[in-house]
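**Q** Output the structure for:
(2 chains)
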Amino acid sequence: MIEVTEDRKQRKQRVVISGKLTYAEVSEVHTRLQEVCVPKARLELDLDKVTGIDLAGYQLLLSLGRTIRERKLKFTVNPGSCRERLVKLGGFAGLPQPFAEADGWQE
Amino acid sequence: MNTETDPLDVFGEEAAEILTEFEQTLINLEENPENLQLIDTAFRGLHTLKGAASMFGFTGLVEVTHLLEALFEQVRNSGETISSDIINVALQSQDEINRLVQGALGGETGQEADPGTVAAISSLVSARKGSSAGLLADSDPEKTAEAAAGAQLLRTFRIEYTPHPDVWKNGGNPLALLMELNELGTCLIIGYAGEVPVLDDLQPDACRIGWEILLTTNRSEERVRDVFLFAQDSLRLEIELIDADDFSDSDVSYKRLGELLVERGDIEAEQLQSVMQDRDFLGQLLVEKGYISGERLQSALEEQQYVRKLRETRHKVELSSTIKVRTDKLNSLVNLVGELGTLHARLGMLSEKRQDEDLSSVSEQMESMLRQLRELAMDMHMVPVGLLFNGFRRLVRDLAGELKKEVRLVQEGTEAELDKNVLDRLKD
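**A** I've put the predicted structure just below:
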């Protein structure tokens, strides 16, 4: 599930993904992410409530990471408890971390 | 002490050792024709001898060892029981190799191999070639896999795997395949995410990720391919053997980056040629020119590192397990230990004469260490007494064959050790 709320005061969008991020959910999440990743957008991504992720979900996050870098969007991430899942999956599959250079990843 | 060694002497010693072991291996094989490890030992011995002979340019010797090596390789790959025909021809060939070695050591460099021996080996090789297709088709893949596993040879495969974009739609799970590969041995998994586009171009249900996997395993290539049995529609699936314990090309430095990139199909030979003037920055230049992506370059570098490390470890293990020491050096060591004993006795007398407790304590400690050193030096000089009687096995075998008698030679206690000098005298 994906939820987007707008913080008008700070002029940024808060994107919260919760539950599973697997093949069954990626189409819906992808559509919402496309809507928010417009030029000059300021985004805050919260992954703390993600309870499971598969390769399709990981690929979607890689694509989001690439979009943010290429469009030079203002972006922070709160990986929360999902950080360990991402590190584990990426490490096993020899894949780069989607948000390794983003603000909030290391905190 | 003279430390200079004539390379030809080293060759002679090595050849004698290999030939003795080869003869014993063949006789053991005759008793245990299904023992794959013995076939492997015979193959390795021939391979080493061929390499040494080719360094000196002993063409006749190279010819015979090469043919025999090919024969044993056929047997090893087929996983079959070795036949008595092969044992007989191999033992005859061993005599011929011995003759060629003695000739070479005597200065005859241009010796040719006996045509009869060459013909006998060649006919066995050709006969097996003719029947090998049928043999392979008939053989049970599981049995072949087990035979390969039994040999405990470690092989490293490069697996290029890019799933079909619809892999998830079709119920496939690339991660499960990676896990299965991981269970077969040691894996280095390198993922390619460079084809994953930005959100606007992404089809979220289509897989755009690929992998290169370096797998080191004692399982057969068939077993590795079995993992991908239901992934035959993959965009890319290439499995290639890049290293093995018995690889003839096992140079620790592995391949140069450019050579490796061409072999992997990452770049064309012409592209490599165009940037070869600046070898130090080869990888960087290839990426800058757009001939190769950064991640493909990275994966080639990782492969280079992986195989180099593997070979270095293997090399270290080989070096550390045994080391050859010339007997004259061992003799010198034993003599020095003897002289040290004399010196120690003088030290003991001196400490007694002076009634010096400190000196006396040092002398006692030294005595204990000297005892250990003496035992160690003597131990290094000991060899199994069985070496003395090994020659009888062949003699009895051949005699029994000639006289058409069934003879069984039984030797007991051959593991008992004897000083090498005593053994040499007994041999004479």
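**Q** Tell me where the stretch 151-300 of chain B has helices.
**A** Under the criterion DSSP state H, counting those that start in this stretch, the stretch 151-300 of chain B carries helices at the ranges B:174-184, B:221-226, B:257-263, B:269-275, B:282-288, B:294-321.
**Q** Off-centre distance for the longest helix along chain A?
**A** Scanning chain A for the longest helix, with DSSP state H as the assignment, gives helix A:55-71. Averaging C-alpha positions (CA atoms, centre = their mean, to the nearest Å) puts helix A:55-71 7 Å from its chain's average.
**Q** How about the residues of the stretch 51-200 of chain B by chain A?
**A** Contact residues, the stretch 51-200 of chain B versus chain A (CB under 8 Å from any CB of the partner chain): B:168, B:173-175, B:178, B:188-191, B:193, B:196-200. Bear in mind the C-beta positions are built from the backbone N, C-alpha and C, glycine included.
**Q** picking up where we left off before, close to chain B, is the longest helix of chain A?
**A** Yes - residues of helix A:55-71 are located near chain B by CB under 8 Å from any CB, namely A:55-56, A:59-60, A:62-64, A:66-67, A:70-71.
**Q** Mind checking which of those are buried?
**A** Listed as buried from these are A:55-56, A:59-60, A:62-64, A:66-67; burial here means 16 or more other CB atoms under 10 Å in any protein chain shown.
**Q** and of the residues you listed, the nearest to B:Ser332?
**A** For these, the closest approach to B:Ser332 (CB to CB) belongs to A:Leu55, at 65.1 Å.
**Q** what sits against the closest one?
**A** By CB atoms under 8 Å, 6 or more residues apart in numbering or on different chains, the contact set of A:Leu55 is A:89, A:93, B:168, B:173-175, B:207, B:209.
**Q** quick one: it from B:Val275, how far?
**A** According to CB to CB, to the nearest Å, A:Leu55 stands 36 Å off from B:Val275.
**Q** quick one: which of the residues of helix A:55-71 next to chain B is nearest B:Asn335?
**A** Once CB to CB is applied, the member of those that ends up nearest B:Asn335 is A:Leu55, at 69.1 Å.
**Q** What are the boundaries of the strands in chain A?
**A** Secondary structure of chain A (DSSP state E): strands at A:2-7, A:12-17, A:19-21, A:42-46, A:50-53, A:74-78.
**Q** where in the stretch 151-300 of chain B is pLDDT low?
**A** Scanning the stretch 151-300 of chain B for pLDDT under 70 picks out the ranges B:151-152, B:246-254, B:276-280.
**Q** picking that back up, pull out the buried members of the contacts of A:Leu55.
**A** A:89, A:93, B:168, B:174, B:207, B:209.
**Q** Let's have the residues you listed in a markdown table, adding distance to B:Val62.
**A** Converted to a markdown table, the buried ones among the contacts of A:Leu55 look like this (distance: CB to CB, whole Å):
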| residue | distance to B:Val62 |
| --- | --- |
| A:Leu89 | 53 |
| A:Ala93 | 48 |
| B:Trp168 | 55 |
| B:Pro174 | 47 |
| B:Cys207 | 51 |
| B:Ile209 | 49 |
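**Q** what's residue 56 in contact with, if anything?
**A** You didn't pick a chain, so chain A it is. A:22-23, A:26, B:168, B:204-205, B:207.
**Q** that's the wrong chain, I meant chain B
**A** Taking CB under 8 Å, 6+ apart as the test, what B:Phe56 contacts is B:7-8, B:11, B:104, B:109.
**Q** Burial check on residue 34, number of neighbours?
**A** No chain specified, so I'll use chain A. 17 (other CB atoms under 10 Å in any protein chain shown).
**Q** switch to chain B, that's the one I care about
**A** 13.
**Q** In space, what's closest to it - neighbours in sequence excluded?
**A** If the residues on either side of it in the chain are set aside, B:Glu34 comes closest to B:Thr81, at 5.1 Å by CB to CB, 6 or more residues apart in numbering or on different chains.
**Q** pLDDT weak spots in chain A?
**A** Along chain A, the model assigns pLDDT under 70 to residues A:106-107.
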